[in-house]
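Let me see the structure of the following:
(2 chains)
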Amino acid sequence: MTMMRTHHCGQLSLSQVGDTVTLNGWVDKVRNLGGFLFLDLRDRFGLTQCVSEGESESLSNRTLQELKAESCVQIRGCVRARPQGMKNLEIATGAIEVLIQEVTVWSKADPLPFQFGQESSEQLRLKHRYLDLRDPSLRQRIVARSQLTSSLRKLLEEHDFLDLETPYLYKSTPEGAREYLIPARVSPGQFYALPQSPQLFKQMYMVGGMDRYYQLVKAFRDEDLRADRQPEFTQVDCELSFVNEVAVRQIFTDVVRRLVNGFLGRECVTDIPQMSFEEALHAYGNDKPDTRFEMLLQDCSELWRDSSFQAFSAVVAAGGVVNAIVVEGQAAHMSRKDLDALNQEALNLGAKGLAWAKCNGTELQDLQSPLKKFVDEPLWSQLQVQLGVKSGDLLLFCAGPFDLVKAVLGKIRLSLGERLGYMDPQQLKFLWVVDFPLLEQDEETGRWAARHHPFCMPQAQDLPLLRTQPEKVRACAYDLVCNGYEVAGGSIRNHDLAVQKQVFAAIGLSEEEAESKFGFLLEALRYGPPPHGGIAFGWDRFVMLMTACDAIRDVIAFPKTLSGQCLMTQSPAPVTQQELDTLGVVHRVTS
RNA sequence: GGGGGAGUAGUUAAGUUGGUUAUAACGCCGGCCUGUCACGCCGGAGGCCGCGGGUUCAAGUCCCGUCUCUCCCGCCA
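Here you go, the predicted structure:
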């Protein structure tokens, strides 16, 4: 019996000329020139041009013409060199073609709901995701994902990590993200929860002496979706024993550097710089700075304190701030309409407004701005010096409470960066953000909560402040940021029972509550836990950045829409009353 | 929970101030064509203008509601 396949569609070259081969794949395109017909056959590996000269009665060009795009076929034929000048340099198999001798149709395809290589609605492609996967552009991203995963596993295993599993059926831990609940049939009225992260299990592995753990694992969060957030997503979850912050960052700088450079085939990442949370917030307005461009947020509150511009001086007097960004060389390129749009964006984000100033020269008289009448010579020269303004620059000012100003200008900076083409997806700027606050205060209730999670180790020198000034306590926590996305985050954990109890106390968790929620952790910490810490990568985001996409849907084979639907399978879907009864779930019908 | 954008042939889009038979490209169907690789040429079919209501002599176009997709805010320890 002959082989079902002797080669794949990306394989044949001049060295097989004269061989009889059998290929399998999908009909990419038929070009019938009359007595002469070309059929492009495509599989995951590539595309091979097959040709028929229509001599045979049994295999007329008419028969071949009837093979519709995306039909699945087998073609047996003889490899021959293409004539001079007919080679296609764009494809790997472009030097040869296969003279068709026999075609087996495995299955026919109806006319397609969308065409490959052309724009079409994502909705339609998601409904027929199995077809979209055949489109080389999605296929390449999914293949890239597999390659990255494979390299990552090798790198982690080189660093002595063990691939270990953790349960998906866990229990609800009300803090943090909303969870997906699963009724436990054999314990009526009780529920499992899908884990938002395997955090405590990996710590248990460390207490259990496994030393280094990793897992490519799904995590589940029942929160609203975004372009970079799916309800189920893949983490590269890692944990290490006998490490401090520096060691963790060192190891993962090495892993990321080799992973990225190996994938891109160029020295894209050399080292990964560090920035404190505080510096990131001041200069970029958020904790995940996009460092592909500058345009930093600059404080100029003091310069306005005594100015005649009430809107700013009053803000400063009330303890607020005035920040500016310098948009280089854009004075002449921003129309009134553009500036109005930016102002509107600032208003939508809660600011009182965005003041602009065009520096058409270096003198005060060259200044064009609604603020001009409030700016005198001394203020102007101070602004120029402090902000580093040059002729031709556009200045944008925002005044108000610190957090608001940072948030607004941080977002304005990003939308300007986008407009001005400063966010080149081919460029990857990694950054460690460090020295995060351990706790954050709920604005409404005034209660303190863990910023990352309640198992983070506080920085030793800040520990005495935990009772007196909890806002000043920094955590041994770090995020890996790339191009404005948080791609990984982690911390050193508490292996010291006493410190863990202090943290629980600081977030208002009573001993009883701590015992009922995390009793197994507290107990484990009594039996010789090693110092340990770890990190978890948002793998979808990482792959998205590596493939220069802007939504994680683009690198997930079967993603959900923003309303959590799978358009292909139509999930979620209703269940019968009988199923609910079996589970002991009371379903209240809402009108 | 809130705000913005979108929904017109199989697909992607155009559609003016509300006014004749709703256009185009690709795809599909039929015919011709021996070197194409976005093949070319000739012809043809194809429409619940997302859905429901309203205004009007007249609605793809205006108004209200609703559904779906998308982007953002809240949210995401």
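
which residue sits closest to residue A:43, ignoring its sequence neighbours?
residue A:25 (3.8 Å; C-beta to C-beta, 6 or more residues apart in numbering). Heads up, the C-betas are built off the backbone N, CA and C, glycines and all.

which outside residues touch the host helix or strand of the one you found?
Per DSSP states H and E: residue A:25 is located in strand A:20-32. Applying C-beta atoms under 8 Å, 6 or more residues apart in numbering, the contact partners of strand A:20-32 are A:2-9, A:12, A:37-43, A:47-48, A:50, A:61, A:64-65, A:67-79, A:98, A:101, A:106, A:109, A:134.

mind redoing it with 7 Å?
For strand A:20-32, the external contacting residues (C-beta atoms under 7 Å, 6 or more residues apart in numbering) are A:2-7, A:9, A:12, A:37-43, A:47-48, A:61, A:64-65, A:67-79, A:98, A:134.

Mind checking which of these are in strands?
If you go by DSSP state E, these have A:37-43, A:47-48, A:72-79, A:98 in strands.

filter those to the buried ones?
A:37-43, A:47-48, A:72-77, A:79, A:98 (16 or more other C-beta atoms under 10 Å).

so which of those are also by RNA strand B?
A:38, A:40 (C-beta under 7 Å from any atom of the strand).

show me the contacts for residue A:380.
A:364, A:367.

Within the helices and strands, which one has it?
Per DSSP H and E: helix A:377-387 holds residue A:380.

again, but for residue A:217
strand A:212-220.

Quick one: list the elements packing against the helix or strand that comes right after that strand.
For strand A:212-220, the following helix or strand on the C-terminal side (DSSP H and E) is strand A:232-241. In this structure, strand A:232-241 makes packing contacts with helix A:199-207, strand A:212-220, strand A:532-538, helix A:539-546, judged by 3 or more C-beta pairs under 7 Å, 6 or more residues apart in numbering; DSSP states H and E.

Which one of the ones you listed lies nearest to residue A:312?
helix A:539-546 (38.3 Å; C-beta to C-beta).

how about the closest one as PDB, C-alpha atoms only?
Coordinates of each C-alpha in helix A:539-546 appear next as PDB, following Å, rounded to 0.1, in the frame of the first residue of the first chain:
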ATOM      1  CA  TRP A 539       1.200  33.800  28.600                       C
ATOM      2  CA  ASP A 540      -1.400  35.000  26.200                       C
ATOM      3  CA  ARG A 541      -0.200  38.600  26.600                       C
ATOM      4  CA  PHE A 542       3.400  37.500  26.200                       C
ATOM      5  CA  VAL A 543       2.700  35.700  23.000                       C
ATOM      6  CA  MET A 544       0.600  38.600  21.800                       C
ATOM      7  CA  LEU A 545       3.500  40.900  22.200                       C
ATOM      8  CA  MET A 546       5.900  38.500  20.600                       C
END
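
Can you name the next helix or strand after it?
Per DSSP H and E, the first helix or strand lying C-terminal to helix A:539-546 is helix A:577-583.

Per-residue confidence, residue A:57, what does it come out as?
At residue A:57, the pLDDT value in this model is 60.

hang on, the earlier thing: what does the strand holding residue A:217 rub up against?
A:149, A:156, A:159-166, A:180, A:194-198, A:202, A:205, A:231-240, A:539.

ranges for the helices of the stretch 101-250 of chain A?
Shown for the stretch 101-250 of chain A, the helices assigned by DSSP state H, counting those that start in this stretch span residues A:122-127, A:129-132, A:136-158, A:199-207, A:245-264.

could those go into CSV alongside distance to RNA strand B and mean neighbour count?
Output for those, formatted as CSV (distance: least, C-beta to the nearest atom of the strand, whole Å; neighbours: other C-beta atoms under 10 Å):
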stretch, distance to RNA strand B, mean neighbour count
helix A:122-127, 4, 15
helix A:129-132, 12, 16
helix A:136-158, 13, 15
helix A:199-207, 4, 21
helix A:245-264, 17, 18
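
before we move on, the earlier item: tell me how many other residues surround the residue nearest to residue A:43.
Per other C-beta atoms under 10 Å, the neighbour tally for residue A:25 reads 26.

Run through the bridge partners of it.
residue A:73 (DSSP bridges).
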